[in-house]
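K.L.:
no sequence for this one, just the structure:
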């Protein structure tokens, strides 16, 4: 008689087993903290340093923008490797490694002296902050939540907007004003090393099945102490299977376009406002309605994504993005500026929810890091290209309007394309190979 394949043993974790609540709630809290801690690598925080980099390093605005785009583009090309390592080594190991190097990269940014050091710093902070820490933190939340994934993603998104776009941006502004931009970067690195690093290592855990649990606090049908619990029923696609689907490439392209456009809008927000006779302080004030509307949308959209196909959220985000681009050409008053901020925050919030649930919803959890890594690469490439079309239009035509109009048309067309996709289904044989 053929020997039976040995079943994997459960992992022992005193922390998971002794938790008085479903451990997925702990994962949600610490994973969300990880997403907030990506802020030093996000455009909304890095833009606060732009003027200081230009003045102190004596570099032109176009040079700093080009270095930022180049560093971001290179970072995006590395992300698939990070995604594969998350699948191979697990979230706990990778969050420790990523956070350590990210913290050191922020400290390095406090010592940059020229263009070469700056592009290296941009590459590292974008790769490790916007890319890798966001990837591993989102991945670990998706591993522990399936049926209520949208709801917990919405809660996570609220904290991200209020804690990241809102509180963290204000913290960075205060640090720069109080200690100078160089020490502000050093202190951000120390915060990562002293807060996120120990919490990530202490509380991140991989799939609940490894510890005899199921996602969403579902009841385990058969308690067998020495044998791992069977995964919850879902289609688990390999990377090759996912990449052969139309839904992957349309979804990835739409998120890349959205990331490109939104990054461009945030990066050039002050310039867009000043071109329409509004002040730079008004542009900074708009971040408040952006954060508030984005937070509220995350709650509603997160819960909604458990009930409606995620393509509707993504298509709506693209349509609202087109509206934002139209409003950006009509800024004539404080009221219009606030309306612009509300629509921008709504579009950003919807995109955030869609980006965090799409890959797990369509392709399962087993190879999620690798699949999401490629999707994140395309998004980061979009971010890298975002500031350039607007800058070129402004320099050559004297106005952002042409680039804004073209981007609005592309957003509408991509919104329509997203509505044509459906959740893919694995063939029976393929499902058995992927499970």
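P.N.:
Right, received. Where do you want to start? The shown structure was predicted, so the numbers you read here are calculated from the model rather than taken from an experiment.
K.L.:
can you pull out the strands in the protein?
P.N.:
Shown for the chain, no strands are assigned by DSSP state E.
K.L.:
Could you report the separation of the residue nearest to the spatial centre of it from residue 217?
P.N.:
Nearest residue to the geometric centre of the chain (Cα atoms, centre = their mean): residue 134, 5.2 Å. Computed as Cβ to Cβ, to the nearest Å, the residue 134 to residue 217 distance reads 25 Å. (Each C-beta comes from the backbone N, C-alpha and C, glycine too.)
K.L.:
Same question for residue 408.
P.N.:
Computed as Cβ to Cβ, the residue 408 to residue 217 distance reads 43 Å.
K.L.:
Neighbour count: those two, which is higher?
P.N.:
residue 408 (20 against 16; other Cβ atoms under 10 Å).
K.L.:
OK, contacts around that one?
P.N.:
321-322, 325-326 (Cβ atoms under 8 Å, 6 or more residues apart in numbering).
K.L.:
Can I get the buried part of these as one ChimeraX selection?
P.N.:
Those of those that count as buried under 16 or more other Cβ atoms under 10 Å are selected in ChimeraX with:
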select :321,322,325
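K.L.:
Next, format the contacts of residue 408 as CSV and append distance to residue 394 and pLDDT.
P.N.:
Formatted as CSV, these follow (distance: Cβ to Cβ, whole Å; pLDDT from 0 to 100):
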residue, distance to residue 394, pLDDT
321, 20, 95
322, 20, 96
325, 15, 95
326, 18, 94
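K.L.:
Inside helices: which ones of the contacts of residue 408?
P.N.:
Using DSSP state H, the members of those that fall in helices are 321-322, 325-326.
K.L.:
Can you tell me which of those is closest to residue 338?
P.N.:
residue 326 (15.8 Å; Cβ to Cβ).
K.L.:
got TSV for the ones in helices among the contacts of residue 408, with distance to residue 58 too?
P.N.:
Output for these, formatted as TSV (distance: Cβ to Cβ, whole Å):
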residue	distance to residue 58
321	36
322	39
325	34
326	38
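K.L.:
Once you drop chain neighbours, what's closest to residue 80?
P.N.:
Nearest residue to residue 80 in three dimensions, chain neighbours excluded: residue 373, at 4.5 Å (Cβ to Cβ, 6 or more residues apart in numbering).
K.L.:
from what I can see that neighbour touches residue 78, true?
P.N.:
No - the pair residue 373 / residue 78 is not scored as a contact, 9.4 Å apart, by Cβ atoms under 8 Å.
K.L.:
which one of these two has more residues nearby?
P.N.:
Counted by other Cβ under 10 Å, residue 373 and residue 78 do not tie: residue 373 has more neighbours, with 26 against 18.
K.L.:
Now do the same contact list for the more buried one.
P.N.:
79-84, 86, 135.
K.L.:
Name only those of those residues that count as buried.
P.N.:
Buried members of the contacts of residue 373, counted by 16+ other Cβ under 10 Å: 79-80, 82-84, 86, 135.
K.L.:
Share the number of residues neighbouring residue 114, please.
P.N.:
As a burial measure, residue 114 scores 10 neighbours (other Cβ under 10 Å).
K.L.:
For it, report the pLDDT, please.
P.N.:
According to the prediction, residue 114 has pLDDT 91.
K.L.:
Mind pulling up the pLDDT for the residue nearest to it when sequence neighbours are not counted?
P.N.:
When the adjacent residues along the chain are set aside, residue 114 lies closest to residue 57, with 6.4 Å between them (Cβ to Cβ, 6+ apart). We have a pLDDT of 92 for residue 57.
K.L.:
nearest to residue 249, of the buried ones among the contacts of residue 373?
P.N.:
residue 80 (14.9 Å).
K.L.:
ok, now which ones touch the closest one?
P.N.:
Contact analysis of residue 80 by Cβ under 8 Å, 6+ apart lists 370, 373-374, 377.
K.L.:
any chance of the residues you listed in a markdown table, plus distance to residue 299 and pLDDT?
P.N.:
Below are these laid out as a markdown table (distance: Cβ to Cβ, whole Å; pLDDT from 0 to 100):
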| residue | distance to residue 299 | pLDDT |
| --- | --- | --- |
| 370 | 30 | 84 |
| 373 | 28 | 81 |
| 374 | 29 | 84 |
| 377 | 29 | 83 |
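K.L.:
need those in a markdown table with distance to residue 189, can you?
P.N.:
Formatted as a markdown table, the contacts of residue 80 follow (distance: Cβ to Cβ, whole Å):
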| residue | distance to residue 189 |
| --- | --- |
| 370 | 29 |
| 373 | 24 |
| 374 | 29 |
| 377 | 25 |
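K.L.:
Could you pull up the residues touching residue 84?
P.N.:
Going by Cβ under 8 Å, 6+ apart, the list of residues near residue 84 reads 369-370, 373.
K.L.:
So which of these belong to helices?
P.N.:
Short answer: those in helices (DSSP H) are 369-370, 373.
K.L.:
Look up phi and psi at residue 278.
P.N.:
Dihedral pair for residue 278: phi -100, psi 160, per degrees, to the nearest 10.
K.L.:
Now for it, how many residues are close by?
P.N.:
By other Cβ under 10 Å, the residues close to residue 278 number 21.
K.L.:
where does it land on pLDDT?
P.N.:
With respect to pLDDT, residue 278 scores 81.
K.L.:
repeat for residue 222
P.N.:
48.
K.L.:
ok, now residue 100?
P.N.:
Value for residue 100, per-residue pLDDT: 97.
K.L.:
ok, it - contacts?
P.N.:
Contacts of residue 100 by Cβ under 8 Å, 6+ apart are 193, 197.
K.L.:
now do 10 Å
P.N.:
Residues in contact with residue 100 (Cβ atoms under 10 Å, 6 or more residues apart in numbering) are 128, 192-193, 196-197, 200-201.
K.L.:
what do you get for residue 149?
P.N.:
Shown in contact with residue 149 (Cβ under 10 Å, 6+ apart): 141-142, 215-216, 302, 305-306, 310, 356-357, 360-361, 365.
K.L.:
repeat for residue 143
P.N.:
Applying Cβ under 10 Å, 6+ apart, the residues contacting residue 143 are 24, 27, 31, 90-91, 205-210, 215, 360, 365-366, 368-369.
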